[in-house]
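> can you look at this prediction? I've put the sequence above it.
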Amino acid sequence: MDVYDTQNGNIWGKGKSKDKLAKLPVNYTFSWGANELFIPAIYYNDSTVVMDVCTHFSISDMQAFLQKWNRKRRLSLKTHEDYEEMEADNPACKDFSADLCLDGQPLRSRAFGSILWYPVEFLQAEAQKAEEAVETWCNDEDAEKLMAAYGCDRMLCWHFERLSFYRKQPPTCTPRQLSLILHAREISVTTGYFTTDATQTFPTEIKTAHPATGQEYVLTLYGCEQFWQSFDEIGEKDMCYPEHAQTLSYGVSPEIEKNVLYVCDQSQGDSPRKKEPGEPGNGGKSPSRTSAGADGPTAVFLTGKSPVPGRHMACSALHFTPVKEVRWRITFHVKTMGDMELCISL
């Protein structure tokens, strides 16, 4: 199997002969949590390093998942919480990120991609359950190439992850040592809800707890305001866009990183629509309206930053009419397992 430099962004694709990477076998198997992983090889040139990681999971686990989350249930998903639960249950969700060093030189992550492979008998059985043609249930061509190249057990399901890295300095010799830190994927877990409107009294407190550690956190709500985001300068002239939202100012105690705990609107908001005949619309400049400046509401909308230290800003979904009430959800990003550090002699 040939692997090529991924600077063109197509991590699985073919390339020119000059972009073909040299292969260096690794053949290293290790356990991470309940998973067994296999690193068959790395591929490299002067500026790029690509690493494949193979993880298997059982047919029975996948069958149990599909029995719980059958086609009808999967097609009826509506809420964020539904998707969170399904993702947490899915044994095929094994993506992760990684930090890689070769011979002590840290590499910069460039791109990654994952692909799945299932036993043919399993796919045929699922096709029959779905009453669909067997031909529509088949493995990707690239997944078949990986299975053949690495001699993977065809009685198991497989998750292949390919990670691409950029190296600043070209190698002086064949790599001799690989240092790797694997960072487990995060799942979203909603732990609570609250509603805000312009009539309520602030500040007010909301309590929640981290779903993994049980650590209690207190959200102090300082206020909410109507917000208008103009699309006059960037929208299409024959389209109307939802431009109204509500912003929320809040703090968290004890302090926690924003990407670990965040507050967001439970609703999906309104979708842009075609302008009706004779309707003014908002795709062009309106003399009766003023676009928000970069130092005003627009900055809040785009960055979520508060000018007050220790406070955060959240913005609701956009609607065509002013947003009087918002139901917010409190969500944590939770790692599925601890990080893994490896040092491998090549």
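Nice, thanks for sending it over.
> which parts of this protein are helices?
Ranges of helices in the chain, per DSSP state H, are 59-68, 71-75, 80-89, 120-129, 141-150, 297-303.
> can I get those in TSV including mean pLDDT, distance to Met1 and mean neighbour count?
Backbone N, C-alpha and C define where each C-beta goes, glycine included. Listed next are those as TSV, based on pLDDT from 0 to 100; distance: least, C-beta to C-beta, whole Å; neighbours: other C-beta atoms under 10 Å:
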stretch	mean pLDDT	distance to Met1	mean neighbour count
helix 59-68	93	25	14
helix 71-75	86	33	10
helix 80-89	86	30	14
helix 120-129	89	20	14
helix 141-150	95	4	15
helix 297-303	40	43	16
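> now those in TSV, with distance to Ser114?
Output for the helices of the chain, formatted as TSV (distance: least, C-beta to C-beta, whole Å):
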stretch	distance to Ser114
helix 59-68	16
helix 71-75	19
helix 80-89	14
helix 120-129	18
helix 141-150	10
helix 297-303	30
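> for Ile187, which of those helices is the nearest?
Among those, helix 80-89 comes nearest to Ile187, with 5.2 Å by C-beta to C-beta.
> for stretch 11-18, buried residues please.
Buried residues in stretch 11-18, defined by neighbour count with 16 or more other C-beta atoms under 10 Å: Ile11, Trp12, Gly15.
> next one: stretch 227-246
By 16+ other C-beta under 10 Å, the buried positions in stretch 227-246 come out as 227-232, 235, 240-246.
> again with stretch 203-216
The neighbour-count check on stretch 203-216 (16+ other C-beta under 10 Å) flags Ile206, Thr208, His210 as buried.
> what about it, start to end distance?
End-to-end distance for stretch 203-216: 19 Å, by C-alpha to C-alpha, to the nearest Å.
> so what touches that stretch?
Stretch 203-216 is contacted from outside by 189, 191-192, 194, 217-223, 261, 330, 332, 334-335, using C-beta atoms under 8 Å, 6 or more residues apart in numbering.
> I'd like to know which of these are buried.
Counted by 16+ other C-beta under 10 Å, these give Val189, Thr191, Phe194, Tyr217, Leu219, Thr220, Leu221, Tyr222, Leu261, Ile330, Phe332, Val334 as buried.
> of all these, which two lie farthest apart?
Of all pairs drawn from the buried ones among the contacts of stretch 203-216, the greatest distance, 26.5 Å, lies between Tyr222 and Val334 (C-beta to C-beta).
> pLDDT below threshold where in the stretch 201-346 of the chain?
The model of the stretch 201-346 of the chain has pLDDT under 70 over residues 278-307.
> strands of that one, residue ranges please.
Here the stretch 201-346 of the chain has its strands, by DSSP state E, counting those that start in this stretch, at 204-209, 216-228, 239-240, 244-253, 261-265, 273-274, 312-315, 325-335, 340-345.
> nearest to Gly151, of those?
Among those, the nearest to Gly151 by C-beta to C-beta is strand 340-345 (19.4 Å).
> can you list the strands that the closest one pairs with?
On the basis of DSSP bridges, the sheet neighbours of strand 340-345 come out as strand 177-184 (antiparallel).
> residues contacting the strand it pairs with, please?
Here strand 177-184 makes contact (C-beta under 8 Å, 6+ apart) with 26, 32-33, 42, 96-104, 335-346.
> how big is the angle separating it from strand 325-335?
150 degrees (axes from the mean of the first three to the mean of the last three C-alpha atoms, to 10 degrees).
> same question for strand 177-184, mean pLDDT?
Averaged over strand 177-184, pLDDT sits at 94.
> and Thr195, what does it touch?
Thr195 sits next to Glu325, Val326, Arg327, Trp328 when contact means C-beta under 8 Å, 6+ apart.
> show me the beta-bridge partners of it.
When assigned by DSSP bridges, Thr195 has beta-bridge partners Arg327.
> gap between it and Lys78?
With distances taken as C-beta to C-beta, to the nearest Å, Thr195 is found 19 Å from Lys78.
> thinking again about what came up before, can you lay out the buried residues of stretch 227-246 as a markdown table showing distance to Leu66?
Converted to a markdown table, the buried residues of stretch 227-246 look like this (distance: C-beta to C-beta, whole Å):
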| residue | distance to Leu66 |
| --- | --- |
| Phe227 | 43 |
| Trp228 | 45 |
| Gln229 | 41 |
| Ser230 | 46 |
| Phe231 | 42 |
| Asp232 | 48 |
| Gly235 | 42 |
| Cys240 | 41 |
| Tyr241 | 39 |
| Pro242 | 37 |
| Glu243 | 42 |
| His244 | 41 |
| Ala245 | 38 |
| Gln246 | 39 |
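> of the buried ones among the contacts of stretch 203-216, closest to Val49?
Nearest to Val49 among the buried ones among the contacts of stretch 203-216, with distances taken as C-beta to C-beta, is Val334, at 30.1 Å.
> contacts only, for that closest one.
Glu186, Ile187, Ser188, Val189, His210, Pro211, Ala212.
> from those, which is closest to Ser58?
Nearest to Ser58, judged by C-beta to C-beta, of the contacts of Val334 is Ile187 at 20.5 Å.
> check what pLDDT that closest one gets.
In this model, Ile187 carries a pLDDT of 88.
> please renumber so the chain begins at 638
Yes, from this point I'll number from 638; that puts the last item at Ile824.
> so it bridges to which residues?
Beta bridges link Ile824 to Val971 when assigned by DSSP bridges.
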